[in-house]
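Enquirer: next input, structure requested:
(2 chains)
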Amino acid sequence: MKVWARSLIRYRLVATNTSDKPVRVRFAPSPTGDLHVGNIRTALFDWAYARHTGGQFIFRIEDTDRERVTDEYIQAAIDTLKWLGLSWDEGPEVGGPYGPYLQSQRLDIYAEWAGKFLANGDAYHCYCSSEELEARREEQKKANVAPGYDGKCRTISESDLARYKSEGRKPVLRMRMPDGSTTFTDSIRGEVTFDHNFVPDFVLVRGDGSPLYTLAVAVDDVMMKVTHVLRGEDLLSSTPRQIRVYQAMGVAPSDYPTFAHLPFVMGQDNAKLSKRNGEVSIAWYRDRGFLPEAICNYLALLGWSPGEDRENVTMQELTELFTVERVHSSPARFDMKKLEAINGDKIRLLTIDDLLSRSVPFLIKDGVISGTPEELTIVKTALPIIQERIATLAEVTPMLKFLFAKNFVIDSEELPKIADAQSQAVLAKASEVLQGLSDWSHSSIEEILRAALIEEMALKPRIAFGAVRVAITGSHISPPLFESMELLGRDRALARIAAAIN
RNA sequence: GGCCCCGUCGUCUAGUGGCCUAGGACUCUGGCUUCUCAAGCCAGCUACGCGGGUUCGAAUCCCGUCGGGGCUACCA
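Expert: You can find the predicted model right below:
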C-alpha cells in the first residue's frame, strides 16, 4: 500500500483496439549498436503485419539517449533494413506526414507535452539526487518493500524547494502514478494486469531537460497515430507507463494502440542474445554469404509458423500468411544449422543469373577474380555444377578458386593423397590418355578416363578419380571432376596432372 | 527478494478435449545413389517439466509446484 496515496479511485484501463482505423505499425529501434537478429525479427514481424493488413509500416529511430546512439549505428540500421527488403512507408530518408522520425529532432514536441503534464499535475518536479535515491532503494530492499520511487517529491515544502534551488539541483520530471492498476489486452498473451504498487512514479525528463524513452515512445505513438505496437517482450512491463502517458495526454482508451509483445530470440546457450553468445549482427550474416530472404524466412519461423507443415516461404508469402494470432508466446532459440539449411534451399532456388550477381562480390572480395567479363563468363558456366553443393555464397570461393589460380599449388595436406605409387600410376595413365583426346568435353573426358583407369587398371572410381581430382583442383573436395576439367581447359588440366607427377 | 511473462523431440514448431500409440523441419545415426563433397530418396533415435484435479476422455481446461526468462535506471 502506498503511504502517499493521492487518489483512492480504482484506476483500471482496458486498452482495446476496436476501431477500424487503417493499421499503422512502427519499428522503433534504439541504435546503440548493430541491429541484431532479435531486432530484425521484430522488424520483420512489424513489416509483415503492416503488409498483411495493407497498413503503413513506420520506421522510427529512438535516439533519446544520445550518449549511446551514434549516427553510424543509425545509418547501419537503415542499411540493414534496406538490405533485407523491409521497406518502410514513413521514416528516415522517405519522410512522411508525421515526421520527423528521429526522436532527437522532436525535442520541442516532448517539451510541450512535458509542460502540460507538469501544469496539469500529472507530473511533478523531483529533486532527489541519484545518491539519495540509491540509498533509499537499499533501505527498501532491506525492509523487503517493493523497490521504486517513494513519492518523496510529490509534495515539497517551500523551504526544501528553496534549499534545493540554492544547492543548484536540477529537477527531473516525474510522472505521478495513481493508486490502482492497469489492465490491457496483449494480442499474444491475453489480459495482463499490473498493480500500481509495482509501477513507481517514473522519470519523463532528465535533469538536463532531455526526454526519456518513457515520454518519447508514448508521445510519438500517439502523434504518429500508431495503431499496433509489436515489440519485444522486454517492454511488456513498461506498458502501464505508456498507458499512463496516453491517459495524461487525454487520449481516449479506444484510441490506445493494441499491444503485442513478441517472445525473445535466445542465443545458442539459452541466454539472451549477446556478442558473446553467437554472432548477432545482421551484417555478419551478410558478409558470410547468407541471403536476405533466407534470414527473413528463418527468422519468421522463430516465434511464428504458417502451420500446415510449411516452412519455406517467400517474402511475398510471408506477408500473405502472417497473422499475430499465430505468433507464439514462448521464446525461441537461434539455430545456425537451420539457418544454413534454409540458406542452401534458397540458393538452389536462385536462377543462375541471380546467383551470379550475388556471388561475384564474394569472389572479388576474396581475390579470386577481378570482375572482368571473361571471368564472369567462366563463373557463370561453373555455377550450375556448384549450386546444389553450397550453403552460403561465401562457399563459392573455395569451390571455384581452382579455376582462376595464377600459381596453382596443391594444399600441403592433400599432397600425401597423391604421393603413393598407385596414385602416381593413375596420374601417369591419365596424362597419357588425355593427351590423345581430341574432344575436350566432360563426357569425352569421363569416357576415356573410365576406360583407362577403371576398366584397364581395374581401380575403384573413388580411388582413381580421387587422385586426378587432387591434381586438378588441389583438394579432395571439389565440384564434379569431369566438368571441372572441361572448365579448366585442356592445357591447364594437362599441366596440372603433369605437375602432380613426381 | 518483488512484479510480470513463458514451459511439446537436442533445436524450431504442428496441435485450441476424442482425428495423437503426438505430425513436420533442422540436427544426429544408418542405408540407397554415387567420381569427392553436396543434393536427393528411404529408415531410425528422441518430446507433451512434475504433481494434483475437472471430464467418459486432456498435450489441450483449472490449481499447485519446479524450472527458464524479463523488468525492478535521470537505458531502451
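Enquirer: going by C-alpha atoms from here, please, whenever you check contacts or count neighbours.
Expert: Noted.
Enquirer: ok, the closest residue to A:K460 other than its chain neighbours to A:P461 distance?
Expert: Of all residues beyond its chain neighbours, the one nearest A:K460 is A:I454 (6.3 Å), with distances taken as Cα to Cα, 6 or more residues apart in numbering. Per Cα to Cα, to the nearest Å, A:I454 is found 6 Å from A:P461.
Enquirer: which of the two has more neighbours?
Expert: Between A:I454 and A:P461, counted using other Cα atoms under 10 Å, the more crowded position is A:I454 (18 against 14).
Enquirer: pLDDT at the more buried one, what is it?
Expert: The confidence metric pLDDT takes the value 89 at A:I454.
Enquirer: quick check: phi and psi on it?
Expert: phi -80, psi -50 (degrees, to the nearest 10).
Enquirer: can you list the buried residues in stretch A:378-393?
Expert: Burial within stretch A:378-393, assessed by neighbour count using 16 or more other Cα atoms under 10 Å, is assigned to A:V379, A:K380, A:A382, A:L383, A:P384, A:I386, A:Q387, A:R389, A:I390, A:A391, A:T392, A:L393.
Enquirer: for the closest residue to A:G95 other than its chain neighbours, list the residues it contacts.
Expert: Take A:G95 and drop its neighbours on the chain: the residue closest to it by Cα to Cα, 6+ apart is A:Y101, 7.4 Å away. Contacts for A:Y101 (Cα atoms under 8 Å, 6 or more residues apart in numbering) come out as A:F59, A:R60, A:I61, A:E90, A:G91, A:P92, A:G95.
Enquirer: which of those are close to RNA strand B?
Expert: Checked against RNA strand B using Cα under 7 Å from any atom of the strand, the contacts of A:Y101 give no members in range.
Enquirer: now render those residues as CSV, adding pLDDT, secondary structure and neighbour count.
Expert: Shown next, in CSV, are these (pLDDT from 0 to 100; DSSP: H, G, I helix; E, B strand; the rest coil; neighbours: other Cα atoms under 10 Å):
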residue, pLDDT, secondary structure, neighbour count
A:F59, 98, strand, 27
A:R60, 97, coil, 24
A:I61, 96, strand, 22
A:E90, 98, strand, 21
A:G91, 97, strand, 24
A:P92, 96, coil, 19
A:G95, 93, strand, 15
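Enquirer: of all these, which comes closest to RNA strand B?
Expert: A:I61 (8.0 Å; Cα to the nearest atom of the strand).
Enquirer: next one: that closest one relative to A:N39, how far apart?
Expert: For A:I61, the distance to A:N39 - Cα to Cα - is 13 Å.
Enquirer: filter the buried residues of stretch A:378-393 down to just the ones in strands.
Expert: Among the buried residues of stretch A:378-393, DSSP state E puts none in strands.
Enquirer: restrict these to those that also contact RNA strand B, please.
Expert: With Cα under 7 Å from any atom of the strand as the criterion, those include A:R389, A:I390 near RNA strand B.
Enquirer: run the chain-centre distance for stretch A:294-310.
Expert: Offset of stretch A:294-310 from its chain centre (Cα atoms, centre = their mean, to the nearest Å): 14 Å.
Enquirer: now it: average pLDDT?
Expert: 93.
Enquirer: also stretch A:365-381?
Expert: Confidence over stretch A:365-381 (mean pLDDT, whole number) is 93.
Enquirer: got the residues of the stretch 401-502 of chain A near RNA strand B?
Expert: Within the stretch 401-502 of chain A, the positions lying close to RNA strand B (Cα under 7 Å from any atom of the strand) are A:461-462, A:465-466, A:469, A:476-483.
Enquirer: could you dump the residues you listed to CSV with secondary structure and pLDDT?
Expert: Conversion of these to CSV gives the following (DSSP: H, G, I helix; E, B strand; the rest coil; pLDDT from 0 to 100):
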residue, secondary structure, pLDDT
A:P461, helix, 90
A:R462, helix, 89
A:F465, helix, 93
A:G466, helix, 91
A:R469, helix, 94
A:H476, coil, 88
A:I477, coil, 90
A:S478, coil, 92
A:P479, coil, 94
A:P480, coil, 94
A:L481, helix, 94
A:F482, helix, 93
A:E483, helix, 93
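Enquirer: out of those, which is nearest to A:T323?
Expert: The closest of those to A:T323 turns out to be A:P479 (Cα to Cα; 42.5 Å).
Enquirer: I figured the closest one hits A:I386, correct?
Expert: Yes: A:P479 is within contact range of A:I386, at 6.0 Å (criterion: Cα atoms under 8 Å).
Enquirer: quickly list what's touching both of the two.
Expert: Counting by Cα under 8 Å, 6+ apart, the shared contacts of A:P479 and A:I386 are A:M399.
Enquirer: per-domain residue ranges of chain A.
Expert: Listed by automatic domain parsing, the domain ranges of chain A are A:15-91+A:183-193+A:218-349, A:350-404, A:415-500.
Enquirer: distance from the chain centre to the longest helix belonging to chain A, please.
Expert: Using DSSP state H to define each element, chain A has its longest helix at helix A:37-53. Averaging C-alpha positions (Cα atoms, centre = their mean) puts helix A:37-53 10 Å from its chain's average.
Enquirer: how many neighbours does A:W304 have?
Expert: 20.
Enquirer: quick one: it from RNA strand B, how far?
Expert: Distance of A:W304 to RNA strand B, given as Cα to the nearest atom of the strand, to the nearest Å: 6 Å.
Enquirer: so what's that residue up against?
Expert: Taking Cα under 8 Å, 6+ apart as the test, what A:W304 contacts is A:R326, A:V327, A:H328.
Enquirer: filter these to the buried ones?
Expert: Applying 16+ other Cα under 10 Å to the contacts of A:W304 flags A:V327, A:H328 as buried.
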